[in-house]
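>>> The following comprises the amino acid sequence and a computationally predicted model.
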Amino acid sequence: MHAAARLIPAIDTADPARAAALAGALAPHCGALKLGLELFAAEGPAAMRAMTERAPVFLDLKLHDIPNTVAGAVRSLLPLRPAMLTLHGLGGPAMIAAAREAAEAAGAARPILLAVTVLTSMDAATLAETGVSGGPVQQVLRLARLALGAGADGLVCSPQEVSRIRDAFGAAPLLVVPGVRPAGSALGDQARTATPAEAVAAGADWIVVGRPITGAADPAAAAAAIAESLPA
Ligand SMILES: O=C(O)c1cc(=O)[nH]c(=O)n1[C@@H]1O[C@H](COP(=O)(O)O)[C@@H](O)[C@H]1O
């Protein structure tokens with residue numbers, strides 16, 4: 001894969017004009033654009049339609065509900081033609097299987113289904129507060145096994161679990177990796193991080209980068225610099 005194709009900028013804004021400007025500037029430097037909760041909550045399907053004109057869209061709504069409701073949400077989203085969709089692995093295998101069955105209705109145009117494991121904003125202590133002991137790696141591997149067994153095509157995980165997932169599950173699962181920070185850039189609320197090059201060297205298929213790109217004076221140049229930093 002060409003290095004730039006591995007980069008997915010997160011277009012996190014509620015302003016449709018800013019989203020369109022970022023999408024236009026970043027599309028030449030990436031493999032897909034990520035549309036998440038902030039923009040979808042503000043603009044809904046209209047934002048999706050505007051973005052799919054520019055690039056394949058990773059629709060990151062992190063679905064997490066009973067299987068029947070998640071299956072219905074997937075069916076409702078299929079006409080928007082997302083290239084990738086996220087679900088929370090914590091929803092369990094029946095929820096993932098219901099999403100997969102619903103997605104099959106799109107045939108060859110079916111979105112890639114990605115199970116979010118442990119949010120990259122959580123460290124071992126915040127995870128333990130939710131009742132999960134044993135640490136992020138163990139929980140990521142547990143959720144990965146359940147989600148992949150139930151029909152997820154891949155996973156969202158932090159760069160710190162990528163090599164462990166590859167060791168356990170091999171090359172097949174698609175790994176989408178946020179919590180990625182170029183050296184020296186602010187972590188913000190991210191807890192389990194690594195650089196773009198480290199994430200790809202560990203085995204990430206795609207890296208998701210938001211604020212280090214969208215907060216830069218020249219987002220296109222920031223994206224190009226990240227793409228250039230990646231191993232071939
Ligand atoms: O599903 C995601 O994309 C996601 C999962 C996760 O565990 N952590 C995470 O940061 N993300 C998303 O990745 C993006 C990261 O943005 P920055 O922290 O600004 O680079 C945001 O849009 C998050 O919603």
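Sure thing, it's come through.

>>> Kindly report the residues of the chain close to the ligand.
Residues of the chain lying close to the ligand by C-beta under 6 Å from any ligand atom are 10, 12, 36, 60, 62, 86, 116, 119-120, 156, 178-179, 188, 190, 208-211. Backbone N, C-alpha and C define where each C-beta goes, glycine included.

>>> if you set the cut-off to 8 Å instead, what comes out?
Contact residues (C-beta under 8 Å from any ligand atom) of the chain with the ligand: 10, 12, 34, 36-38, 58, 60, 62, 86, 114, 116-121, 156-158, 176, 178-181, 188-190, 208-215.

>>> Mark which of those residues are part of strands, please.
Here DSSP state E is the test, and those give 34, 58, 60, 62, 86, 114, 116, 156, 176, 208-209 as lying in strands.

>>> any weak-confidence spans in this structure?
Low-confidence segments of the chain (pLDDT under 70): none present.

>>> residues contacting the residue of it found nearest the ligand?
In the chain, the residue that lies nearest the ligand is residue 210 (2.6 Å; C-beta to the nearest ligand atom). Each residue near residue 210 by C-beta atoms under 8 Å, 6 or more residues apart in numbering is listed here: 9-12, 34, 178.

>>> Try it again at 10 Å.
With contacts defined as C-beta atoms under 10 Å, 6 or more residues apart in numbering, the neighbours of residue 210 are 8-13, 34, 36, 178, 180, 188, 190.
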